[in-house]
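1. Sharing a model that was predicted from the sequence below.
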Amino acid sequence: MPATISSNSPSPKPEHLDLLTHTSILRHHVAAQMGSAPLSIQSVPGKGFASMTERTSVKDYLDHHADRFDAELFEFLRMPSISTDPVYAADTRKTAEWVADRARAAGFADVGLIETPLHPVVYGRWESSNERPTLLIYGHYDVQPVDPVDLWESDPFEPTEREGKIYARGASDMKMNLLAILQGIEALAQTKGDLPINVILLFEGEEEIGSPNLPKVVADYAGQLKSDVIMSGDGGMMGIGRPALSLGLKGLVGCQVDLTTSSTDLHSGGYGAAVPNAVRAIAELAASFHNPDGSVAIEGFYDDVIPLTEEERADIAAVDEQSDEKFMAEAGVTAILGEPGYTVKELRWTRPTIDFNGIWGGFTGEGSKTVTPAQAHLKITSRLVPGQRPDKILKLIEAHIAKHTPVGASIEVVPGKGSANPFRLPKDSPGLAEAAVVLERIFGTPPGFVRSGGTVPITDVFTEILGIGPVTIGFGLPGSRAHAPNEWIRPEEVEISRLAYAEYFDTLGG
């Protein structure tokens, strides 16, 4: 079924549009650090915006409305938009409607939901002038699951501040950035009376499961998505006060291995000495995927990898990132393990991987149960680099499994819901130079041109279908525990992200 755009009839009005006064925990923290009292907004006239009698800059507007903006962020973070779990489907849709309403509040007259077989895409359009450039902005409103819940120090969906950080699922990846984009647009439009550029919004709810439906949406609506520059907000920084612009992302493909050794669990005393054990078999299979030095043992896995040029290796080495010791401390590990002959940055940014994301079977409850398990399971993902393609790597994984299936075991390989090609952004891409200028102006230091071991599935789709690669501007910090328990952001990046996005949009307009 083709994707369809639902009507623009307003969905239930979010509470943040009705706020008359609010002093958030976040704003108190920032104000305390800056030695000033938090502002209090007394009225919210017009489109839900509190007006200022004198407004000389975007920063003035952002400062004046910071309490309301902070309240919106906390409300957004409370929404459990877990895209992978059907239990949260209604919450994920409610989050999409909330984002659409927030876009309308920012000033977008044309906003709707593009329906897909799973979660809707928020689409918005701001037509300023045919003479002005058009910017397509990508982001995602879905988040990762919160398991294991018992490792969280506070409720994942009740944003909590402690020790100068705000903890909540989706805070760093990427609800802070998405909302800051809309708040920056509001500030810029309210200050100037209109936007200096045309803007298209494309916010999906399936990024965390590999964006299975967004490529079709982009293909179906390619004409409406035509733009001069594409920006993704799904990114981060090199460190505190150290901005980054990404020139590359890894691709992704995954599967689940379901292994069976018998028709039922068996008594370990009566049968265990003479029959296959599913848990032992899955462990044996898992151990076959890597060589002792950490390299991948799958035949043909590296065949299509494009080697780094000497210039690329020099560019990577020039990025003043953290030391290996700091990286190990941040990760909480005691050793570096990977292919020999590569630096830690090269391994993280440019080398492909086979990762085990979960393994289970048999009895896992409290106490003991003396069974010989009949079934065991393994979740595998592979991060890909330029030259590799998801379909081929999945076939190589399947061939490896067939070759190394333990005696007495039968296996079913279930492909993951989504996949992504790796992505590389040329240095002369539209919008990249302007981003570098803005980030250097705001932070006082030029951004590092980095690559990322992460994946944003839609990036290469934009390149293939729309002919433009996205410039990624984001403000999450290393070690912010995205995808892990106790994910966090800092109030300082929350505040600066709004200004940075607004200034970037203004700079694109000339």
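-> Arrived safely, thanks for sending. Numbering: from 1, shown residues only.

2. Could you look up the SS state of the closest residue to residue 340 other than its chain neighbours?
-> Spatial nearest neighbour of residue 340, excluding adjacent residues (C-beta to C-beta, 6 or more residues apart in numbering): residue 293 at 5.5 Å. For every residue, glycine as well, the C-beta is placed using N, CA and C. The local conformation at residue 293, judged by DSSP: H, G, I helix; E, B strand; the rest coil, is coil.

3. Ignoring the adjacent residues along the chain, who's closest to residue 143?
-> Residue nearest to residue 143 in three dimensions, not counting chain neighbours: residue 170, with 3.6 Å by C-beta to C-beta, 6+ apart.

4. measure that neighbour to residue 239 for me?
-> Separation of residue 170 from residue 239 (C-beta to C-beta, to the nearest Å) stands at 21 Å.

5. got it, and residue 86?
-> 38 Å.

6. Neighbour count for those two, which is higher?
-> residue 239 (16 against 10; other C-beta atoms under 10 Å).

7. didn't residue 171 look like it was pressed against residue 491?
-> No. If you go by C-beta atoms under 8 Å, residue 171 and residue 491 don't touch, sitting 11.1 Å apart.

8. Compare these two and say which is more crowded by neighbours.
-> The neighbour comparison of residue 171 against residue 491 (other C-beta under 10 Å) goes to residue 171, with 27 against 24.

9. contacting residues for that one?
-> Counting by C-beta atoms under 8 Å, 6 or more residues apart in numbering, residue 171 makes contact with 77, 159, 480, 487-489.

10. quick one: which of these is most hemmed in?
-> Compared across the contacts of residue 171, residue 489 has the highest neighbour count, 28 neighbours, by other C-beta under 10 Å.

11. Any chance you could list what contacts stretch 310-322?
-> Residues from elsewhere that reach stretch 310-322 (C-beta under 8 Å, 6+ apart): 238-239, 308, 330, 343, 345-346, 349-350, 448-451, 478.

12. what about residue 256, which SS state?
-> Three-state call for residue 256 (three-state DSSP): strand.

13. Tell me how far the residue nearest to it when sequence neighbours are not counted lies from residue 258.
-> Ranked by C-beta to C-beta, 6+ apart and with sequence neighbours excluded, the top spatial neighbour of residue 256 is residue 414, at 4.6 Å. Residue 414 sits 7 Å away from residue 258, going by C-beta to C-beta.

14. ok, those two, which is more surrounded?
-> The residue with more neighbours, out of residue 414 and residue 258, is residue 258; 17 against 12, by other C-beta under 10 Å.

15. With adjacent residues omitted, what lies nearest to that one?
-> Nearest residue to residue 258, sequence neighbours excluded (C-beta to C-beta, 6+ apart): residue 412, at 4.6 Å.

16. And that neighbour, which helix or strand is it part of?
-> In the assignment (DSSP states H and E), residue 412 maps to strand 410-415.

17. ok, that strand: who's next to it in the sheet?
-> If you go by DSSP bridges, strand 410-415 pairs up with strand 251-260 (antiparallel).

18. returning to that earlier point: ok, residues contacting the next helix or strand after the strand holding residue 412?
-> With elements assigned by DSSP H and E, the helix or strand that comes after strand 410-415 is strand 423-424. By C-beta under 8 Å, 6+ apart, the residues outside strand 423-424 that reach it are 247-249, 251, 386, 456, 459-460, 463, 469.

19. Quick check: mean pLDDT of strand 423-424?
-> For strand 423-424, mean pLDDT is 94.

20. List the buried residues of the helix or strand just after it.
-> Going down the chain from strand 423-424, the next helix or strand is helix 432-443, by DSSP H and E. Residues of helix 432-443 classed as buried by neighbour count (16 or more other C-beta atoms under 10 Å): 432, 434-436, 438-439, 442-443.

21. Among the contacts of residue 171, which are located in strands?
-> 488-489 (DSSP state E).

22. Is it possible to get JSON lines of the contacts of residue 171 that adds pLDDT and distance to residue 113?
-> Output for the contacts of residue 171, formatted as JSON lines (pLDDT from 0 to 100; distance: C-beta to C-beta, whole Å):
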{"residue": "77", "pLDDT": "98", "distance to residue 113": "21"}
{"residue": "159", "pLDDT": "98", "distance to residue 113": "25"}
{"residue": "480", "pLDDT": "97", "distance to residue 113": "29"}
{"residue": "487", "pLDDT": "98", "distance to residue 113": "26"}
{"residue": "488", "pLDDT": "98", "distance to residue 113": "30"}
{"residue": "489", "pLDDT": "98", "distance to residue 113": "27"}
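
23. quick one: buried residues of the strand holding residue 412?
-> Result for strand 410-415 [16+ other C-beta under 10 Å]: buried residues 411, 413.

24. helix or strand right after the worst-scoring helix or strand of the chain on mean pLDDT?
-> Least confident helix or strand, the chain: helix 25-34 with a mean of 40, by mean pLDDT, DSSP states H and E. Once the chain leaves helix 25-34, the next helix or strand it forms, by DSSP H and E, is helix 58-64.

25. name the helices or strands packed onto that next one?
-> With contacts taken as 3 or more C-beta pairs under 8 Å, 6 or more residues apart in numbering; DSSP states H and E, helix 58-64 sits against helix 176-192, helix 491-508.

26. Mean pLDDT and distance to residue 282 added to the ones you listed, as JSON lines?
-> Converted to JSON lines, the helices and strands packed on helix 58-64 look like this (pLDDT from 0 to 100; distance: least, C-beta to C-beta, whole Å):
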{"stretch": "helix 176-192", "mean pLDDT": "97", "distance to residue 282": "38"}
{"stretch": "helix 491-508", "mean pLDDT": "98", "distance to residue 282": "41"}
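
27. which of the ones you listed is buried the deepest?
-> Among the helices and strands packed on helix 58-64, helix 176-192 has the highest mean neighbour count (mean count of other C-beta atoms under 10 Å), at a mean of 25.

28. what's that one packed up against?
-> Contacts defined by 3+ C-beta pairs under 8 Å, 6+ apart place helix 176-192 against helix 58-64, helix 66-77, helix 89-106, strand 134-140, helix 491-508.

29. same thing but 10 Å
-> When contacts are defined as 3 or more C-beta pairs under 10 Å, 6 or more residues apart in numbering; DSSP states H and E, helix 176-192 sits against helix 58-64, helix 66-77, helix 89-106, strand 121-126, strand 134-140, strand 198-204, helix 491-508.

30. residues shared between the contacts of residue 414 and residue 258?
-> Taking C-beta atoms under 10 Å, 6 or more residues apart in numbering as the contact rule, residue 414 and residue 258 both touch residue 377.

31. If we go by neighbour counts, what in stretch 279-290 is buried?
-> Across stretch 279-290, burial judged by 16+ other C-beta under 10 Å covers 279-282, 284-286, 289-290.

32. Any regions of the stretch 101-250 of the chain where pLDDT drops low?
-> Across the stretch 101-250 of the chain, nothing is flagged by pLDDT under 70.
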